[in-house]
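Asks: need coordinates for the below:
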Amino acid sequence: MLIELDSPAEVAAVRAAVVSAALPSVVDVVPAARTVLVRCSPGAGVAAVRDLVADLPVDVATPPAGRTVTIPVIYDGPDLALVASTAGVSEDEVVALHTGAVYTVAFCGFAPGFGYLTGLPDALRQPRLDTPRQSVPAGSVAVAGQFTGAYPRATPGGWRLLGRTEVVLFDASRSSPALFEPGDRVRFEVAS
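Replies: The predicted model follows:
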C-alpha cells in the first residue's frame with residue numbers, strides 16, 4: 001500500500017503510527033519525502049493499515065523521537081562560502097546555524113545509509129548545484145532544499161558541501177548497517 005501525504009511531518013507521523021501498531025501482517029514500512037510504502041504479507045493486512053491510517057487525526061502530532069546521534073563535522077567544505085553568500089550570513093554563522101539545529105531523519109535513500117534530515121534552518125535552504133559533481137567524497141556534509149545530510153560513500157551529487165565527517169555512516173558488517181533510521185534525531189557539532 002502506498003500512502004501519499006502532503007508533508008514530511010505527515011510522513012513521519014504515519015510511519016510512526018504504522019510501526020507502533022505492530023500489525024502482524026506488516027512486513028516493512030518505507031517512508032519517503034511525501035509517501036509511506038507499507039508492505040504486507042500476501043492477502044493480509046492492507047485493510048488493517050487502511051483503517052489505522054484513516055483514523056489518524058488530520059493535524060498529525062509529532063511522532064516520538066528515535067535515538068539521538070551526534071556527528072562531529074570539520075566545516076571546510078568547498079561550498080561553505082557559497083552557502084554563506086546565498087544566505088547573506090558569514091561562514092561562521094552558517095556553522096552556528098547548522099550546528100544549532102536538531103534534525104530528524106525523515107527517510108533514507110539515494111545510497112545505502114543516506115539519511116534525508118529535516119529541520120534545516122530557513123537561511124540554509126539552498127538549491128542544488130547547477131551542475132552536480134561527478135564524485136562527492138564519503139563523509140561530506142551537505143544541504144539542498146529543505147534537507148541536510150551526509151554522504152555515506154563517494155557518489156555523484158549536487159548538494160552544497162559544508163564540511164566533512166569521519167563518522168562511518170554505513171557499514172554492511174554492523175548488525176544495523178546504516179547509522180540513521182527514520183525518526184532518529186541528529187545533531188551536528190564542530191569536530192575538535
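Asks: and the residue most central in space within the chain, helix, strand or coil?
Replies: Centrality entry for the chain: nearest residue to the mean C-alpha point is Tyr116, 2.1 Å, by CA atoms, centre = their mean. Following DSSP: H, G, I helix; E, B strand; the rest coil, Tyr116 is assigned to strand.
Asks: that one against Tyr103, yeah?
Replies: No - contact criterion CB atoms under 8 Å: Tyr116 and Tyr103 do not qualify, at 9.6 Å. Using the backbone N, CA and C atoms, a C-beta is placed for each residue, glycine as well.
Asks: just the strands in the protein please.
Replies: 2-4, 26-31, 35-40, 68-73, 103-108, 115-118, 133-136, 140-144, 147-150, 155-157, 160-164, 185-190 (DSSP state E).
Asks: let me see the mean pLDDT of the fourth one.
Replies: If I follow you right, that is strand 68-73. Summarised as a single mean, pLDDT over strand 68-73 is 96.
Asks: please name the bridge partners of the residue nearest to the centre of the chain.
Replies: Beta-bridge pairing of Tyr116 under DSSP bridges involves Phe107.
Asks: before we move on, the earlier item: the strands of the chain: which one's closest to Leu124?
Replies: Taking CB to CB, strand 140-144 is the member of the strands of the chain nearest to Leu124, at 5.4 Å.
Asks: quick one, that closest one and strand 68-73 angle?
Replies: If you take axes from the mean of the first three to the mean of the last three CA atoms, to 10 degrees, strand 140-144 sits at 110 degrees to strand 68-73.
Asks: residues in contact with stretch 175-185?
Replies: For stretch 175-185, the external contacting residues (CB atoms under 8 Å, 6 or more residues apart in numbering) are 12, 15-16, 31, 63-69, 102-108, 112-113, 115, 117, 152, 167-171, 186.
Asks: next, the buried residues of it.
Replies: Residues of stretch 175-185 classed as buried by neighbour count (16 or more other CB atoms under 10 Å): Ala178, Leu179, Phe180, Pro182, Gly183, Asp184, Arg185.
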